[in-house]
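Student: Everything below, folded, please.
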Amino acid sequence: MKIYPAIDILGGKVVRLTRGDYSTAKQYPLDPLQAAQMMCGSGAKYLHVVDLDGARRGDTCNCEIIEKITSSTPLKVEVGGGIRNMATVEKYLSAGADRVILGTAAVKNFPFAEEANALFPGRIAVGVDTKDGKVAVQGWEQVEPITGEEFCKKLTGAGICDVIYTDVACDGGMAGTNLDIYRKLVLIPGLRVVASGGVSGMDELRALRDMGVDGVILGKALYEGLLDLRRVTEEFQCLQKG
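Tutor: Numbering: from 1, shown residues only. Model (predicted):
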């Protein structure tokens, strides 16, 4: 199982949000590069980076920071946050990202996601965020009529197989994740699902591994000391191709 420690960047700083609310941003003392280097030193092979400035404004003002991480560490970095056009996809890939994550853009402009996946096979993932089972977009403020499961099936039907699935109610709460939805998602043929949001214990990680999820994103539970990254990587880390 892939282990993705997470770095959320806001104003050039490492922060964590609760349920995507910018007003809850908690800043941590390390800068993003230092955080990435420490995660690498604890055995991480992968890294999940979200440009929160980009998500809010639609620009790539933190791209230079991300490029420093990709050039200074061997981490396979995936990047999300405000990626709304092909130029931004290309910019992050050129900056050394292993893959980019499409969010609202994939829901609102599905042909864009299909085109990006065709141009950059294996390097496009889609973030599927849900509220009460329905897909949520625009910073989780707008809920679409399609369920997360249905959208995942639509993605795999179009050949987009990598999904980062978040139950918004669990995100940043350190109170557990929605194991039931992942048990359903792993049954979708062709889907490679990364669990995100609320994972906070070793037993949860074991349950996710045993049900067959492709990876897990760990955020606040690492920063607040609920999980030790070295211990997690020693038990769960598996470097895979793609």
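Student: Would you give the sheet partners of the helix or strand bottoming out on mean pLDDT in the chain, along with the direction of each?
Tutor: Every helix and strand in the chain was compared by mean pLDDT, DSSP states H and E; the lowest is strand 21-27, with a mean of 79. Partners of strand 21-27 in the sheet, by DSSP bridges, are strand 13-18 (antiparallel).
Student: contacting residues around the strand it pairs with?
Tutor: Identification of contacts with strand 13-18 by Cβ atoms under 8 Å, 6 or more residues apart in numbering yields 7-9, 24-28, 30-32, 35, 52, 171-173, 219-220, 223. From N, CA and C alone the C-beta is placed, and that goes for glycine too.
Student: Which parts of it count as buried, going by neighbours?
Tutor: For strand 13-18, a neighbour-count test (16 or more other Cβ atoms under 10 Å) marks Lys13, Val14, Val15, Arg16, Leu17 as buried.
Student: pLDDT score assigned to the third one?
Tutor: Looking at Val15, its pLDDT reads 86.
Student: Just give the closest residue to it, not the sequence neighbours.
Tutor: Spatially, and ignoring its direct neighbours in sequence, Val15 is nearest to Ala25 (4.5 Å; Cβ to Cβ, 6 or more residues apart in numbering).
Student: now do the fourth one
Tutor: Leaving out its chain neighbours, the residue that sits closest to Arg16 by Cβ to Cβ, 6+ apart is Lys220, at 4.7 Å.
Student: and the gap between the one you found and Val107?
Tutor: 25 Å (Cβ to Cβ, to the nearest Å).
Student: list the buried ones in stretch 130-139?
Tutor: Neighbour-count burial for stretch 130-139 flags Thr130, Lys131, Val135, Ala136, Val137 (criterion: 16+ other Cβ under 10 Å).
Student: distance between it and the chain's centre?
Tutor: 15 Å (Cα atoms, centre = their mean, to the nearest Å).
Student: So which residues make contact with that stretch?
Tutor: Here stretch 130-139 makes contact (Cβ under 8 Å, 6+ apart) with 20, 55-56, 103-104, 107-108, 128-129, 140, 142-149, 151, 165-169, 181.
Student: Check stretch 79-95 too.
Tutor: Residues outside stretch 79-95 that contact it (Cβ under 8 Å, 6+ apart): 48-60, 63, 66-67, 70, 97, 99-105, 112, 115-116, 119-120, 123-125, 127, 164.
Student: can you rerun that using 6 Å?
Tutor: Stretch 79-95 has contacts (Cβ atoms under 6 Å, 6 or more residues apart in numbering) with 49-51, 54-55, 58, 60, 63, 66-67, 97, 100-102, 105, 116, 127.
Student: Nothing else from me, thank you.
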